[in-house]
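# pasting a predicted model and its sequence here:
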Amino acid sequence: MNESSQHAFFSLEQNTKYIQKALFDTHDLKIKHHPYKDTQGALIYLESLVDPALIERNILAPMSFAEGKSLSELFTTLRMERSNDLEKGIQGLMQGSCLYVLDGDDEFYALTTPAKYERSITEPENEAIVRGPHNGFIENLTVNLHLVRQHIGTPDLTVRYHTVGNTVPRKVAMLYVQNLCDNELVQKVERRLSEISLDTVMSAGFIQELMEDNPFSIFPQHVNTERPDHTSAYLVDGHIALILEGDPTALIVPACFFTFYQTPDDYNNRWMIASFIRFIRLISFITAFQLPAIYIATVSFHSNVLPIQLFFTVQGSLTRVPYPPIVEAMILELIFELLREAGLRLPSRVGQTIGIVGGLVIGDAIVKAGLVSYTMTIVVALTAISSFLIPSNEMSSSLRILRFPLMIAAALFGYIGIAFGLTLLFVHLCKLESFGKPYFYPIAPLKFQGLKDTFSRFPVWNIRKKAQGNDN
């Protein structure tokens, strides 16, 4: 962002030429000459960013019937600011304002006339909920703040605006609840936001990557959500939310591993049902990236642990496969990833057809061709279903990648390789932090109070809500 300033000229022609040059004579810059009281004047705006009906109704029409009134009296229906800084005026143009410049005056009027092209508030497609509010964030920051304040009707909810991007500045709102959020955490987030030095920040993913404690970790260190109720629940639990203008995603910090397995449905259902569902999700974490490795290690090195009937069944399915289990596992996993990406990129109806037909036809064909075994097909299918149970798409993607090195370790060293890989993973999780807070809380460090809302959900009256990592 240009920190220099340019004082407006007394000449209307000089002012218009300066603005045209600053915007590189862009074709959507409009300069409409409109005199005021026998004085030459011009209305300057970017037609792609303003509402023409608003300009006609609230600027041009009142000026046609000025009858001796001052401009300040004419523009009472619009937010108006008088300034002499042309650079500030150009920034206003980029935000949907229009400038009215008079000849012989070294100041101009900046009038707020932005166009409103917004989609309606709907439920996020990637965060469907069975019971609870069915609304989600949109690309308008003001609307998103409104949705959050509807859920948190307290003056303790604080909003701090920050600007990121040197050439193309973007507004970021930082939300937290006073007295519930740690002041040291607030200062740390503000410092990292101020340290972002890029020409522009295109999406919330830029902020996420630039603010992580450990950018080389495969695990996500921010919680992404498009749900205002989910965001509000984190805020009253002592977290901080970051919302970028033009992006419908809220980033929640700090994050811990187990928050990626929690959903708003856990608190909309009774505690026994929610505990059972959460336990199923955590079981899916184990099967999502360990099941193929365990199968490979078992059939390659430890087949004696299988019951005799199952041993002959597995060995019979492997007799027609000409290469080791690690190769057939890689083939099936690669085919599944291809089908998954194809289903995501194609239109919804075609994507569903590709997923079903591709899974059935290709799966059956490669088994009959002897490229993979029936048992490996079952293992990979169970692994895929388990990965779909994880509420967070980022955590699901992390586990999909972790699956491959663990399979290689199992193919090389059997159960010992799996144990070594899991040990490294557990050590990494214990050392990892998110904004100075332990990522594997409440396991490392061990906090029994936090366990009430981790593997299962205790009744609400038995859970003492505190910010994660602040429980002493």
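In hand now; what should we look at?

# contacts only, for residue 433.
Each residue near residue 433 by C-beta atoms under 8 Å, 6 or more residues apart in numbering is listed here: 213-214, 254, 439. For the C-beta atoms, the positions are set from N, CA and C on the backbone; glycine is no exception.

# which strand residues bridge it?
Under the criterion DSSP bridges, residue 433 forms beta bridges with residue 438.

# what about it, distance to residue 217?
Distance of residue 433 to residue 217, computed by C-beta to C-beta, to the nearest Å: 10 Å.

# what do you get for residue 388?
Distance of residue 388 to residue 217, computed by C-beta to C-beta: 23 Å.

# so these two - more neighbours on which side?
A direct count of neighbours by other C-beta atoms under 10 Å for residue 388 and residue 217 places residue 217 higher, at 17 against 10.

# quick one: the more buried one is in a strand?
No: counting by DSSP: H, G, I helix; E, B strand; the rest coil, residue 217 is located in no strand; its state is coil.

# got a list of what the closest residue to it other than its chain neighbours touches?
Residue nearest to residue 217 in three dimensions, not counting chain neighbours: residue 432, with 5.8 Å by C-beta to C-beta, 6 or more residues apart in numbering. If you count contacts by C-beta under 8 Å, 6+ apart, residue 432 has them with 213-214, 217, 219, 221, 438-440.

# filter these down to the buried ones.
By neighbour count, with 16 or more other C-beta atoms under 10 Å, the contacts of residue 432 hold 213, 217, 219, 221, 438-440 as buried.

# buried residues in stretch 430-449?
Buried residues in stretch 430-449 (16+ other C-beta under 10 Å): 432-435, 437-444, 447.

# likewise for stretch 264-277?
Residues of stretch 264-277 classed as buried under the neighbour-count rule (16+ other C-beta under 10 Å) are 264-267, 269, 271, 274-275, 277.

# what do you get for stretch 280-296?
For stretch 280-296, burial by neighbour count (16+ other C-beta under 10 Å) applies to 281, 284-285, 287-296.

# now residue 185: how far from residue 247?
22 Å.

# of these two, which one has the most company?
Legend: neighbour count by other C-beta under 10 Å for residue 185 and residue 247, higher for residue 247 (24 against 21).

# tell me the SS of the more buried one?
coil.

# not counting its neighbours along the chain, what's nearest it?
Per C-beta to C-beta, 6+ apart, closest to residue 247 is residue 204, 4.7 Å.

# run a quick neighbour tally on that neighbour.
Per other C-beta under 10 Å, the neighbour tally for residue 204 reads 20.

# OK, contacts around it?
Neighbours of residue 204 in contact, by C-beta under 8 Å, 6+ apart: 224, 242-244, 247, 249-251.

# which parts of the stretch 1-150 of the chain are strands?
With strands called from DSSP state E, counting those that start in this stretch, the stretch 1-150 of the chain shows them at 29-33, 41-46, 80-83, 97-102, 108-112.

# circling back to that earlier point, now, the contacts of residue 204 that are in strands?
Judged by DSSP state E, those include 224, 242-244, 250-251 as members of strands.

# coming back round to it: any chance of the contacts of residue 433 in a markdown table, plus pLDDT and secondary structure?
Listed next are the contacts of residue 433 as a markdown table, based on pLDDT from 0 to 100; DSSP: H, G, I helix; E, B strand; the rest coil:
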| residue | pLDDT | secondary structure |
| --- | --- | --- |
| 213 | 90 | coil |
| 214 | 91 | coil |
| 254 | 93 | coil |
| 439 | 93 | coil |
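
# pick out the most distant pair among the buried residues of stretch 264-277.
Greatest spatial distance among those (C-beta to C-beta): 264 and 275, at 15.4 Å.

# any low-confidence regions in the stretch 1-150 of the chain?
Where the stretch 1-150 of the chain drops to pLDDT under 70, the residues are 1-4, 66, 68.

# please read the previous query as pertaining to the stretch 351-472 of the chain.
Along the stretch 351-472 of the chain, the model assigns pLDDT under 70 to residues 351-360, 464-472.

# picking that back up, among the buried residues of stretch 264-277, which one lies nearest to residue 122?
For those, the minimum distance to residue 122 (C-beta to C-beta) is 16.2 Å, reached by residue 264.

# could you measure from residue 218 over to residue 292?
17 Å.

# cool, and residue 227?
The value you get for residue 227 to residue 292, if C-beta to C-beta is used, is 32 Å.

# try residue 81
Taking C-beta to C-beta, one finds residue 81 at 62 Å from residue 292.

# any idea how many residues pack against the spatially closest residue to residue 50 that is not a sequence neighbour?
Distance criterion C-beta to C-beta, 6+ apart; nearest residue to residue 50, sequence neighbours excluded, is residue 113 at 4.7 Å. Burial of residue 113 is recorded as 22 neighbouring residues (other C-beta under 10 Å).

# residue 113: what's it in contact with?
45, 50-51, 54-55, 58-59, 78, 96-98.

# same deal with residue 91?
Per C-beta under 8 Å, 6+ apart, neighbours of residue 91: residue 169.

# next: residue 406.
Counting by C-beta under 8 Å, 6+ apart, residue 406 touches 289-290, 292-293, 418, 421-422.

# check the gap between residue 63 and residue 227 for me.
In terms of C-beta to C-beta, residue 63 sits 46 Å off from residue 227.

# perfect, I'm done here.
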